[in-house]
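**Student:** using only what follows, build the 3D model:
(one chain, ligands or ions: 2)
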Amino acid sequence: MEYITEFAAAKINLTLQVTGKRSDGYHMLQSLVVFAGVGDYLRFSPAEDLSLEITGPFASSLTTDPNNLVLAAARKLQEQLGKNCASQTVPGAVIRLEKNLPVASGIGGGSADAAAALRGLLRLWEADLPESDLTSLALELGADVPVCLSSSCRWMEGIGEVLTPGPELPKLFAVLVNPGVPVSTPGVFKALKGNFMPASGKPSAIPALAELIGYLENTPNDLQAPAISQRGIVSEVLTELRGSHGCLFSAMSGSGATCYGLFDTAEDAESAATTLSVENPGWWVAPTFLR
Ligand SMILES: C[C@](O)(CO)[C@H](O)COP(=O)(O)OP(=O)(O)OC[C@H]1O[C@@H](n2ccc(N)nc2=O)[C@H](O)[C@@H]1O
Ligand SMILES: Nc1ncnc2c1ncn2[C@@H]1O[C@H](COP(=O)(O)OP(=O)(O)OP(=O)(O)O)[C@@H](O)[C@H]1O
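**Tutor:** Ligands and ions are numbered 1, 2, ... in the order given. Next comes the predicted model:
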């Protein structure tokens with residue numbers, strides 16, 4: 001049977017500055033976003049109706065109800081395409097999601113799935129939308145969905161929807177670690193208690209790893225301290241990563257609890273991941289590249 005596949009890469013906020021709050025409660029951000037080599041996989045086959053099956057190590061953290069971001073994305077896309085060509089019936093799809101990323105973990109798994117669903121269904125249905133309509137639709141699904149549409153290095157501003165290409169970066173080898181504790185994104189923003197930092201602006205090219213680490217040391221994730229105030233284990237994850245042989249830098253992604261460590265080589269990242277997994281059974285540990 002014919003089918004289409006899409007990869008939903010984990011999103012990593014290398015930096016995250018919260019610069020203010022809008023009257024609707026959403027926060028203004030500046031973030032250097034990259035994507036990992038680990039992620040979820042989605043498979044789309046033609047069908048009359050929409051349906052979703054979930055497999056993979058984190059399948060049991062999710063249900064297939066209409067709130068699942070994959071189905072929410074599919075429904076919104078059907079509605080939009082239905083409006084654009086009122087005479088034609090919009091088809092359905094059987095969607096299979098292989099859920100490899102921990103849920104509610106600061107690496108945008110749900111957002112990446114929603115973006116992959118939009119990309120995959122447009123391909124399956126041989127349909128198209130103007131880019132601005134697709135970005136607006138993505139933003140309605142979540143602040144992180146627009147950046148996940150391209151899944152490539154971006155400088156992110158606004159509440160997540162103002163996107164420009166990121167600066168040139170060196171090759172990045174990383175280990176991602178999640179301690180198995182879900183974190184509520186609104187809860188972490190609330191714990192920030194309006195402590196906004198001045199924006200530092202988009203950096204220019206950072207081709208060398210040492211230079212990038214210097215930049216990251218001076219541009220922390222503003223949500224890291226509030227996340228630690230709610231989930232002390234984040235601090236433990238950062239200490240374990242930083243103490244790993246070959247780890248040059250560690251910080252939290254998004255609203256947590258997943259943290260990333262940067263390494264000089266793929267071999268260092270692999271071997272640190274093996275040790276971290278053995279010493280911390282129950283933690284999700286993934287060696288990967290970031291780009
Ligand atoms: C923190 C980040 O992970 C950084 O990439 C994202 O901005 C979060 O993106 P997301 O999970 O897709 O966020 P949404 O699902 O749109 O929002 C969840 C909740 O997070 C808070 N939120 C989110 C994004 C933002 N710019 N300001 C916020 O205050 C709001 O309370 C919102 O109700
Ligand atoms: N397909 C999906 N995958 C993951 N989460 C989903 C999905 N559909 C709905 N959700 C819900 O979305 C919420 C956020 O999950 P997600 O894994 O995207 O969080 P996150 O990694 O913290 O995202 P972000 O970094 O964008 O804040 C959870 O409450 C989860 O139950």
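**Student:** is it true that Cys148 touches Ala114?
**Tutor:** Yes. Under the criterion of Cβ atoms under 8 Å, Cys148 lies in contact with Ala114, with a separation of 7.2 Å. Placement of C-beta: from N, CA and C, glycine included.
**Student:** what do the two both touch?
**Tutor:** Ala138 (Cβ atoms under 8 Å, 6 or more residues apart in numbering).
**Student:** so is the strand or helix carrying Pro46 next to ligand 2?
**Tutor:** Element membership for Pro46 (DSSP states H and E) is strand 27-47. No. Judged by Cβ under 6 Å from any ligand atom, strand 27-47 and ligand 2 are separated, with a smallest distance of 7.3 Å.
**Student:** so how far is that strand from its chain's centroid?
**Tutor:** 5 Å (Cα atoms, centre = their mean, to the nearest Å).
**Student:** mean confidence score for that strand?
**Tutor:** Average pLDDT, strand 27-47: 98.
**Student:** check which helices and strands it is in contact with.
**Tutor:** strand 4-21, strand 92-98, helix 109-124, strand 154-157, strand 172-178, strand 284-290 (3 or more Cβ pairs under 8 Å, 6 or more residues apart in numbering; DSSP states H and E).
**Student:** make CSV out of the ones you listed and add mean neighbour count, mean pLDDT and distance to ligand 1.
**Tutor:** Shown next, in CSV, are the helices and strands packed on strand 27-47 (neighbours: other Cβ atoms under 10 Å; pLDDT from 0 to 100; distance: least, Cβ to the nearest ligand atom, whole Å):
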stretch, mean neighbour count, mean pLDDT, distance to ligand 1
strand 4-21, 21, 98, 5
strand 92-98, 22, 98, 17
helix 109-124, 25, 98, 5
strand 154-157, 22, 98, 7
strand 172-178, 26, 98, 14
strand 284-290, 21, 98, 14
